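Chemist: 3D, please:
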Amino acid sequence: MEWLNYHHLLYFWMVAREGSVARASEKLRLAQPTLSGQIRRLEEQLGEKLFARSGRGLVLTDVGRVVYGYADEIFGLGRELMETVRGRPTGRPARLVVGVSDSLAKLLVYRVLQPALRLSDEIRLVCHEGRPEALLAELALHNLDVVLSDSPVPAGVRVRAFSHLLGECGVTVVTSPREAARLRRRFPESLTGAPMLLPGVHATLRRGLDDWLERRGVRPRVVAEFDDSALLSAFGQETGAAFPIASAIEAEARRQYGVAVVGRIDEVRERVYAITVERKIRHPAVQAISEAGFRADIDERTAEEMSFWERHGRLVASSASGILLAAGLSLKFMEIRLPAAMLFLLLATVSGGWYVSRRAWQALRHRQLEMNTLMATAAVGALLIGEWAEAGATMFLFSLAQVLEARSMDRARNAIRASSTFPRRRPPSAGKEEKSGSPSSGSRSGMSSSFVRGNGSRWTGSSCKGPPRSTRRRSRGNRFRWRRRPAPACLRVA
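Modeler: Residues are numbered from 1 along each chain as shown. Below is the predicted model:
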């Protein structure tokens with residue numbers, strides 16, 4: 001094998017860049033005859049002239065320009081190598097080569113890869129799509145930095161890799177707005193006989209959906225199966241058949257494909273794993289992806305898609321139950337018009353238990369026992385034994401609790417969406433004041449620390465040399481005992 005003398009190439013590159021042998025010799029601190037001799041040896045090795053005389057200067061020949069282009073790239077990469085090893089920023093963007101499983105939704109992949117694109121350092125992203133087995137083989141050969149898949153590394157695969165769970169969310173069934181309005185009324189029973197598109201049999205999501213449909217006794221009419229999630233979404237958009245998507249990308253799917261929500265399945269989970277060949281992730285972009293994961297924020301239907309009763313039905317029913325309960329109790333305590341009081345209490349029970357009884361009936365149909373079933377049973381029992389006031393109070397208080405719980409969940413979801421728009425802040429450097437839940441355990445002597453307690457008061461102090469909290473001393477009989485000592489006086493509370 002013929003080797004290239006890179007010292008000769010460096011001398012040629014310096015002369016070509018400086019424009020003369022004299023200036024290059026000053027930079028390299030070599031004599032001009034020595035430099036000219038090294039360049040002649042490179043020309044002899046290549047068999048071509050690299051410079052030509054032009055007056056009193058030198059110009060590159062056609063071959064010399066080609067060699068100079070390669071030399072410039074070679075020594076540029078050498079500089080970047082040294083800067084990378086020394087931890088300095090380079091001018092070239094870092095490469096992130098990602099393998100994406102074909103069963104993952106492309107909108108979900110974009111959500112996962114967003115943190116890598118928002119780094120301060122420029123990232124050049126390269127994505128390859130394929131089957132998980134083929135991607136794991138490429139990962140083992142270090143042709144990929146990370147593989148995004150909907151399942152961890154299979155047990156039978158002989159690849160030393162580590163699976164990092166990025167996040168999980170439920171599944172949402174969507175279809176055209178016209179079909180969604182019809183199927184939404186009795187979901188999931190309405191899916192029986194309805195046309196539906198499903199992922200391929202090898203997808204993890206497909207196995208979860210099959211189990212859920214079997215438990216519910218739902219038999220949809222499977223029109224087609226797709227290994228590629230993008231192809232499944234495209235067919236769902238054009239054919240109007242129902243198809244499942246990850247709940248985390250529900251809002252984007254509705255905007256892009258023009259579909260509406262039929263129902264949500266929280267029991268079936270869509271998971272995303274980042275698979276790497278190293279247990280501790282070192283690539284900065286992969287670290288950003290692993291730390292951020294993906295948000296599973298689910299946007300509800302807009303006000304135009306929901307009727308007044310769908311948006312405020314629970315609140316109206318609970319309010320009516322409270323008013324009727326107050327009226328019935330007032331008439332009962334005043335002992336006037338007792339039949340009217342019983343009627344008000346009965347109406348309060350029916351109004352407060354309207355949604356509760358519907359959920360209880362659905363649970364009984366699927367042979368499940370939940371809180372709605374128990375509360376409905378308690379109310380019916382109270383009515384049977386003649387305790388109409390207790391039945392009305394039970395239904396009113398339980399329906400009110402459900403309304404408050406729904407409102408708190410909406411507020412929490414909105415707070416998560418608002419906080420997710422804040423820019424990421426890097427952790428403060430060592431030695432600076434930090435606001436955290438506990439002081440740094442690795443502080444050295446003489447360094448100050450600060451944190452905020454749960455009640456809002458600030459604790460400040462400086463770690464200094466002083467006696468420990470307890471010392472071990474040898475006593476008679478070669479036995480050890482502990483002696484308590486006071487804390488250092490340098491700690492103070494502000």
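Chemist: Got the domain ranges for the chain?
Modeler: As assigned by automatic domain parsing, the chain contains the domains 6-85, 93-302, 308-417, 448-493.
Chemist: and those, which one is worst for confidence?
Modeler: Mean pLDDT is lowest for domain 448-493 among the domains of the chain, at a mean of 43.
Chemist: how about the domains of the chain in CSV, adding mean neighbour count?
Modeler: C-beta coordinates here come from the backbone N, C-alpha and C atoms, glycine included. Shown next, in CSV, are those (neighbours: other C-beta atoms under 10 Å):
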stretch, mean neighbour count
domain 6-85, 15
domain 93-302, 18
domain 308-417, 17
domain 448-493, 11
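Chemist: What segments of the stretch 101-250 of the chain are helices?
Modeler: With DSSP state H, counting those that start in this stretch as the criterion, the stretch 101-250 of the chain has helices at 106-117, 132-140, 177-183, 204-216, 229-239, 250-257.
Chemist: Which residues are in contact with residue 285?
Modeler: 94, 96, 116, 119, 123, 145 (C-beta atoms under 8 Å, 6 or more residues apart in numbering).
Chemist: mind checking how far it is from residue 116?
Modeler: Per C-beta to C-beta, to the nearest Å, residue 285 is found 4 Å from residue 116.
Chemist: How far off centre is stretch 10-19?
Modeler: On the basis of C-alpha atoms, centre = their mean, to the nearest Å, stretch 10-19 sits 50 Å off its chain's mean C-alpha point.
Chemist: Likewise for stretch 215-227?
Modeler: Its chain's average C-alpha position is 28 Å from that of stretch 215-227, according to C-alpha atoms, centre = their mean.
Chemist: got it, and stretch 237-245?
Modeler: 25 Å.
Chemist: How about stretch 327-338?
Modeler: 57 Å.
Chemist: Alpha carbons of that stretch, in PDB - could you do that?
Modeler: The C-alpha trace of stretch 327-338 is given here as PDB (Å, rounded to 0.1, in the frame of the first residue of the first chain):
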ATOM      1  CA  ALA A 327     -85.300  23.000  48.500                       C
ATOM      2  CA  GLY A 328     -86.200  19.500  49.500                       C
ATOM      3  CA  LEU A 329     -84.400  19.600  52.800                       C
ATOM      4  CA  SER A 330     -85.900  23.000  53.600                       C
ATOM      5  CA  LEU A 331     -89.500  21.700  53.100                       C
ATOM      6  CA  LYS A 332     -88.700  18.600  55.100                       C
ATOM      7  CA  PHE A 333     -87.300  20.400  58.100                       C
ATOM      8  CA  MET A 334     -90.200  22.900  58.100                       C
ATOM      9  CA  GLU A 335     -92.500  19.800  57.900                       C
ATOM     10  CA  ILE A 336     -94.800  21.400  55.300                       C
ATOM     11  CA  ARG A 337     -95.700  19.900  52.000                       C
ATOM     12  CA  LEU A 338     -93.900  16.600  52.600                       C
END
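Chemist: Give me the contacts around that stretch.
Modeler: With C-beta under 8 Å, 6+ apart as the test, stretch 327-338 has contacts from 340-345, 347-348, 388-389, 392.
Chemist: try 6 Å
Modeler: Residues from elsewhere that reach stretch 327-338 (C-beta atoms under 6 Å, 6 or more residues apart in numbering): 340-341, 344-345.
Chemist: what are the ranges of the strands in the stretch 51-200 of the chain?
Modeler: Under the criterion DSSP state E, counting those that start in this stretch, strands of the stretch 51-200 of the chain are mapped to 51-54, 57-60, 94-101, 123-130, 146-149, 162-175, 195-199.
Chemist: for those, which one sits closest to residue 267?
Modeler: Closest of those to residue 267 is strand 162-175, at 7.8 Å (criterion: C-beta to C-beta).
Chemist: packing partners for that closest one?
Modeler: The contact analysis (3 or more C-beta pairs under 6 Å, 6 or more residues apart in numbering; DSSP states H and E) places strand 162-175 against strand 243-246, strand 260-276.
Chemist: Repeat the analysis, applying 8 Å as the threshold.
Modeler: For strand 162-175, the packing partners by 3 or more C-beta pairs under 8 Å, 6 or more residues apart in numbering; DSSP states H and E come out as helix 204-216, strand 243-246, helix 250-257, strand 260-276, helix 284-292.
Chemist: and the angle from the longest one to helix 132-140?
Modeler: Taking axes from the mean of the first three to the mean of the last three C-alpha atoms, to 10 degrees, one finds strand 260-276 and helix 132-140 inclined to each other by 30 degrees.
Chemist: Equivalent analysis for the last one, please.
Modeler: In terms of direction (the same axes, to 10 degrees), helix 284-292 departs from helix 132-140 by 130 degrees.
Chemist: Measure how far helix 284-292 is from the centre of its chain, please.
Modeler: 10 Å.
Chemist: One more: the first one?
Modeler: Helix 204-216 sits 24 Å away from the centroid of its parent chain (C-alpha atoms, centre = their mean).
Chemist: Return the member of the contacts of stretch 327-338 nearest to residue 401.
Modeler: Comparing the contacts of stretch 327-338 against residue 401 with C-beta to C-beta places residue 345 closest, at 19.5 Å.
Chemist: Wait, that closest one touches residue 394, no?
Modeler: No. Judged on C-beta atoms under 8 Å, residue 345 makes no contact with residue 394 at a distance of 11.2 Å.
Chemist: Throw the helices and strands packed on strand 162-175 into TSV and include distance to residue 399, thanks.
Modeler: Formatted as TSV, the helices and strands packed on strand 162-175 follow (distance: least, C-beta to C-beta, whole Å):
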stretch	distance to residue 399
helix 204-216	26
strand 243-246	31
helix 250-257	27
strand 260-276	22
helix 284-292	39
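Chemist: Of these, which is nearest residue 55?
Modeler: Of the helices and strands packed on strand 162-175, nearest to residue 55 by C-beta to C-beta is helix 284-292, at 51.0 Å.
Chemist: angle of the closest one against strand 94-101?
Modeler: Using the same axes, to 10 degrees: helix 284-292 against strand 94-101 is 50 degrees.
Chemist: circling back: so which of the strands of the stretch 51-200 of the chain is nearest residue 18?
Modeler: strand 57-60 (10.0 Å).
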